[in-house]
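Asker: Here is my input, please return the structure:
(one chain, ligands or ions: 1)
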Amino acid sequence: MTLNKNTPSSLLRVAVIFCIIFCCLMLSACQTLAASDVDSNGIYQSRTIHSPDGIGKFYLGREIAKVMGHTEALWLERPSREFEEKPTKLVNALNFKPTDIVADIGAGTGYLSFRIAQKVLLGKVLAVDIQPEMLDIINFLKKENGITNVEPILGSITDSKLPLNSVDLVLMVDTYHELSNPYEIMQGVVKALKPSGRVALVEYRRENPFIPIKTLHKMTQKQVCKEMSAVGLQWRETQSFLPTQHLMIFDKSN
Ligand SMILES: C[S@@+](CC[C@H](N)C(=O)[O-])C[C@H]1O[C@@H](n2cnc3c(N)ncnc32)[C@H](O)[C@@H]1O
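Answerer: Residues are numbered from 1 along each chain as shown. Sure thing, here's the model as predicted:
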């Protein structure tokens, strides 16, 4: 039986075609919205459609995570952290010399800074953070425990305010992935390092989907290496003795 042009079936067919065209147009509009804007320096891209855990800003293909606010400071100090993350093992593995100058960028409450301070009794720890509330906590704990070799520094999102050519080790624990301007911060790190200085990054292992941390708060070794080489830092080693994190060491020697 041939269908008449005005039968319900032919109207249905027209409606379906109309719907398909409409959907295609909507999809293309969404793609335009999600399209990347490259910033003026060509370093970062911004996208309107992105992870709820990120800031919509991308660096070398990775979306930057939101900063952990100071209201979560107690989580950094949780008693189970020693068991879960083995920070004592981490500090021991860094083999500090008593005279070392260490920069702990993204120091938070100073959880790592105070542990390192005990290892560098003739040196000091520069505890950098961008949240004044975190520095208030560090100052409180310094006074409370009579510690003199931790120096809190209020950094900015582009500058950690470290003295040039002065630091033996720059450490970032669970911090690098949330730097809003990683390129500028790492350029400053390179300038602050002594010629023999090292950078130690501790990040949750993104290669392992069973580590129960939000994806943007984890990093693969490949991505970390890519981002360090963008500022001229060379990978030296990755240590995997921590339960959920990689310890990655870089330096600027040729
Ligand atoms: C997840 S917390 C980790 C704190 C600490 N490293 C620890 O493991 O206990 C990350 C910290 O990095 C800080 N941060 C984020 N961006 C920063 C930047 N550009 N410079 C310095 N600190 C930054 C945040 O304010 C926050 O205190």
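Asker: alpha carbons only for contacts and neighbour counts from here, please
Answerer: OK.
Asker: Can you list the strands that the strand ranked longest in the chain pairs with?
Answerer: Determined from DSSP state E, the single longest strand within the chain is strand 193-205. Paired neighbours of strand 193-205 in the sheet (DSSP bridges): strand 167-173 (parallel), strand 218-219 (parallel), strand 245-251 (antiparallel).
Asker: the helices in the stretch 51-200 of the chain, which residues?
Answerer: Assigned by DSSP state H, counting those that start in this stretch, the helices in the stretch 51-200 of the chain fall at 73-76, 81-85, 87-93, 111-117, 132-145, 182-192.
Asker: Kindly reformat those as TSV containing mean pLDDT.
Answerer: Shown next, in TSV, are the helices of the stretch 51-200 of the chain (pLDDT from 0 to 100):
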stretch	mean pLDDT
helix 73-76	98
helix 81-85	98
helix 87-93	98
helix 111-117	98
helix 132-145	98
helix 182-192	98
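Asker: Dump those helices to a markdown table, plus mean neighbour count and distance to the ligand.
Answerer: Formatted as a markdown table, these follow (neighbours: other C-alpha atoms under 10 Å; distance: least, C-alpha to the nearest ligand atom, whole Å):
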| stretch | mean neighbour count | distance to the ligand |
| --- | --- | --- |
| helix 73-76 | 14 | 5 |
| helix 81-85 | 12 | 9 |
| helix 87-93 | 14 | 9 |
| helix 111-117 | 21 | 5 |
| helix 132-145 | 16 | 6 |
| helix 182-192 | 20 | 7 |
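Asker: Tell me which of those helices sits nearest to residue 125.
Answerer: helix 111-117 (6.1 Å; C-alpha to C-alpha).
Asker: Thank you kindly, that will do.
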